[in-house]
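In: test case, fold it:
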Amino acid sequence: MNRVRERNESAWLLPAGPGINHRLRDDMRIFDDSDEVDVVIVGCGAGGSTMAQRLARAGWSVVAMDAGPFWDPEKDWVSDEAGSHHLYWTEPRVIGGADPVPLGSNNSGRGVGGSMIHYAGYTPRFHPSDFRINSADGVGADWPIDYEDLKPFYSDIEAELPVAGEGWPWGDPHSYPQRPHPVSGNGDMFLRGALACGITAKVGPVAISNGRFGNRPHCIYRGFCLQGCKVNAKASPLITHIPDALAHGAEVRADSMVTRIEVDQHTGKATGVHYNRQGRQRFQRAKTVVVAGYSIETPRLLLNSTSTRFPEGLCNDFDLVGRYLMVQGAPQTAGRFDDEVRMFKAPPPEVSTEEFYETDPSKNYKRGFSIQTVSPLPITWAEHVAAQGHWGAGLRQYMSDYVHWSCLGALCEFLPLPENRVILSSELDRHGLPVAQFNYSRCENDRALMKAAQSVMESILQAAGADEVITINRYAHLVGGARMGADEHSGVVDGDCRSFAVPNLYITDGSVLPTEGSANPALTIMAIAARVADRMTSGNHARQGGRS
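Out: Numbering: from 1, shown residues only. I've put the predicted structure just below:
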């Protein structure tokens, strides 16, 4: 724990018990637009907040902007599904393709902390195989970095969140800094069914404290992880990295919508960002620009940043910006039991298996899927039931039976395809900017994975004793759109997340992922950002335009 505190003191900067350190915010350093800061960061989610904390601690002058508010959990969050929609990005977007992907509460965040404010807390690592799926399986793309490049940063971030779970046998076997949480009724059903099916399942990994950590309290199992954790037990950048960033002189400039990145036509370097705050157009000067805005908004920002040098959008010389966007297939299968399960009384992703993660040569599809417990609350549960065609009295019966249901969810690795992409729509937002249009279509491999995952989940629940099972098909976790590549013909950024086209422009959100694995991406995004910050501050980037 002392080693964690030496590199990130956020947990000790919070007040004892729920809430935030208001003094840190009140005393926050404020830069002027005319100040040429060392770095301006666009977005304060997983990647942006990690960058802000690491660079500020290294002595860089940092301004981190976010289009949403600077949340106060005590005042702004409620233990209620309907009352939590303000946590989601609800600005207009256009969707299309053969299999359109709904955008909003399932995959988009708003405000400082990003979508990790309302994520479930599940933080698995990617497997070593994820970085070489083209070489090994003939699909997707290889990363320009290896698992070993991220391994030490995975360990660092797991300790800073911290992550609780059993020893992990899959991928690169490893342990977690905190012991696993007690198993709930939902987790017990998964473990029971998995054992009967001969499937290995483990408790964790979740970035939810299973004991006091610094001044943060332990989890109280209230079941509203997806609505923002009011007690600060669940990790999000708002409490795990932002406090330390503020303590080291960073400014978090909330309610600031970045509209365009400026590039000097003579030097080819980024000079700062245009943004809108309180209805006023402003420009923040910076030596380095880091974009960490999400797989929809990052491509949109780049495409909107046109100039004489980049008429088709910034960094888009080879028509790669916005392409290869991926979404994980996320079917959820529920089973009814005679005994009460009360699946909501625990962290939603509590027990999981990665036994089906890798390519199985005996199957008719490449790559695989993971399975974890999920715990839809009543409104979401009603959506599950209504999707089966139940309405009126039938829907009411299912709702009254809610406590008898257990639910599992899969994450299926869909493949990166060039036609799945973000483009600019003719529709304008309230700032007068073209909104993003996301076109998405599944391939046959994607469809086969969804069917296989559903079959396994049904088998597990039936083996546990369920007398009825229902499945809803859905999506989760968008990544890609500005991916890493070995060169400018295969990626928007290199292995250090630096743009090929603009030497002092970096991207450190999920848009840089070349493949998505069957793992939730938050931990990997934070590990990538931590690695990039380490390389930026250790002198590995002699040609970057930041601090001298």
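
In: just to be sure, residue 455 is in a helix?
Out: Yes. The assignment for residue 455 (DSSP: H, G, I helix; E, B strand; the rest coil) places it in a helix.

In: what about it, distance to residue 411?
Out: 15 Å (Cβ to Cβ, to the nearest Å). Just so you know, the C-beta spots here come from the backbone N, C-alpha and C atoms, and that holds for glycine as well.

In: need phi/psi at residue 21.
Out: Dihedral pair for residue 21: phi -90, psi 100, per degrees, to the nearest 10.

In: same deal with residue 122?
Out: Taking degrees, to the nearest 10, you get phi -80, psi 130 for the backbone angles of residue 122.

In: so it touches residue 205, yeah?
Out: Yes. Counting by Cβ atoms under 8 Å, residue 122 touches residue 205, with 7.2 Å between them.

In: end to end, how far does stretch 275-283 reach?
Out: This stretch, stretch 275-283, spans 6 Å end to end (Cα to Cα, to the nearest Å).

In: other residues contacting that stretch?
Out: By Cβ atoms under 8 Å, 6 or more residues apart in numbering, the residues outside stretch 275-283 that reach it are 33, 65, 253, 255-259, 262, 272-274, 284, 431.

In: quick check: the farthest pair among those residues?
Out: 255 and 262 (20.7 Å; Cβ to Cβ).

In: comparing these two, which residue is more hemmed in?
Out: residue 262 (19 against 16; other Cβ atoms under 10 Å).

In: quickly find the element holding the closest residue to that one other than its chain neighbours.
Out: With Cβ to Cβ, 6 or more residues apart in numbering as the criterion, residue 262 has its nearest non-adjacent residue at 4.9 Å, and that residue is residue 271. Secondary-structure assignment from DSSP states H and E places residue 271 in strand 270-277.

In: can you check residue 424 too?
Out: Per DSSP H and E: residue 424 is located in strand 421-428.

In: what's the spacing between that strand and its chain's center?
Out: Its chain's C-alpha centre and that of strand 421-428 lie 23 Å apart, by Cα atoms, centre = their mean, to the nearest Å.

In: so which of residue 455 and residue 411 has more stuff around it?
Out: Legend: neighbour count by other Cβ under 10 Å for residue 455 and residue 411, higher for residue 411 (30 against 12).

In: in what helix or strand does the more buried one lie?
Out: Residue 411 belongs to strand 405-412, assigned by DSSP H and E.

In: three-state assignment of residue 496?
Out: Under three-state DSSP, residue 496 falls in the coil class.

In: quick one, phi/psi of the residue lying closest to it once chain neighbours are set aside?
Out: Among residues not flanking residue 496 along the chain, residue 535 sits closest, at 5.4 Å (Cβ to Cβ, 6+ apart). The phi/psi pair for residue 535 (degrees, to the nearest 10) reads phi -70, psi -30.

In: how many neighbouring residues does residue 535 have?
Out: A count of nearby residues for residue 535, using other Cβ under 10 Å, gives 16.

In: can you give me the distance of it to residue 506?
Out: To residue 506, residue 535 is 10 Å away according to Cβ to Cβ.

In: and residue 310, by the same measure?
Out: Going from residue 310 to residue 506 by Cβ to Cβ gives 17 Å.

In: give the buried residues for stretch 216-236.
Out: By 16 or more other Cβ atoms under 10 Å, the buried positions in stretch 216-236 come out as 216-219, 221, 223-236.

In: in helices only, show me those.
Out: Judged by DSSP state H, the buried residues of stretch 216-236 include no members of helices.

In: hmm, residue 30 is touching residue 251, no?
Out: Yes. Using Cβ under 8 Å, residue 30 is in contact with residue 251, at 5.8 Å.

In: comparing those two, which residue is more hemmed in?
Out: residue 251 (21 against 9).

In: what sits against the residue lying closest to residue 69 once chain neighbours are set aside?
Out: Once flanking residues are discounted, residue 69 sits nearest to residue 111: 4.8 Å by Cβ to Cβ, 6+ apart. The neighbourhood of residue 111, defined by Cβ under 8 Å, 6+ apart, consists of 44, 66, 68, 69, 70, 71, 87, 117, 254.

In: which of those residues are buried?
Out: In those, the ones that pass as buried (16+ other Cβ under 10 Å) are 44, 66, 68, 70, 71, 87, 117, 254.

In: which of the residues you listed sits closest to residue 426?
Out: residue 68 (25.4 Å).

In: ok so, going back, neighbour count for residue 310 and residue 506, which is higher?
Out: residue 506 (30 against 21).

In: roughly how far apart are the residue nearest to residue 69 and residue 87?
Out: Distance, residue 111 to residue 87, using Cβ to Cβ: 7 Å.

In: and what of residue 483?
Out: From residue 483 across to residue 87, the span is 27 Å (Cβ to Cβ).

In: hang on, residue 35 in a strand?
Out: No. Read with three-state DSSP, residue 35 is coil and lies in no strand.

In: which ones are touching it?
Out: Taking Cβ under 8 Å, 6+ apart, we find residue 35 in contact with 61, 285.

In: redo that, cut-off 6 Å
Out: By Cβ atoms under 6 Å, 6 or more residues apart in numbering, residue 35 lies in contact with nothing.

In: look up which residues are beta-bridged to residue 475.
Out: Residue 475 has these beta-bridge partners by DSSP bridges: residue 329.

In: check what pLDDT it gets.
Out: Per-residue confidence (pLDDT) for residue 475: 92.

In: what's the burial count for it?
Out: By other Cβ under 10 Å, the residues close to residue 475 number 21.

In: list the contacts for it?
Out: Residue 475 makes contacts with 101, 327, 330, as judged by Cβ under 6 Å, 6+ apart.

In: so for residue 157, what's the nearest residue that isn't a sequence neighbour?
Out: Counting by Cβ to Cβ, 6+ apart, the residue nearest residue 157 is residue 526, at 4.7 Å.

In: wait, that neighbour sits on residue 49?
Out: No. Residue 526 is beyond contact range of residue 49, at 8.4 Å (criterion: Cβ atoms under 6 Å).

In: show me what contacts residue 441?
Out: 97, 98, 99.

In: one step back: give me the contact list for the strand holding residue 411.
Out: 186, 189, 328-336, 341, 343, 369-372, 374, 376, 449-450, 453, 457, 518.
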